[in-house]
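Student: missing the sequence, but the structure's below:
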């Protein structure tokens, strides 16, 4: 069972996934902890190419994280 804080983080990443705003960016320590627990995974996306390319790093839900979050919803 996840804590309220962990579920809040999973909810933010889930909402970003639904809105098509992945990867979710954060430097909070809890994101690294959830990666170690297997609920989140690091993701990198590159927009553009060549010298104008922008690399975005963040997090996405794993199947386990998605299942845990969805199971907690009423």
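Tutor: Noted; the coordinates are in hand. Because the structure is predicted, anything quoted here is derived from the model rather than measured. Numbering: from 1, shown residues only.

Student: which strands and helices sit next to the longest helix seen in the chain?
Tutor: If you go by DSSP state H, the chain has its longest helix at helix 4-19. Applying 3 or more Cβ pairs under 8 Å, 6 or more residues apart in numbering; DSSP states H and E, one finds that helix 4-19 contacts helix 29-36, strand 40-47, strand 54-61, helix 63-72. Where you see a C-beta, it was placed from the backbone N, CA and C, and this is true even at glycine.

Student: and of these, who's closest to residue 19?
Tutor: strand 54-61 (12.9 Å; Cβ to Cβ).

Student: per-residue pLDDT of residue 31, please?
Tutor: Residue 31 is assigned a pLDDT of 97 by the prediction.

Student: residue numbering should commence at 537 henceforth.
Tutor: Fine by me, first position is 537 from now on; the one you just mentioned is residue 567.
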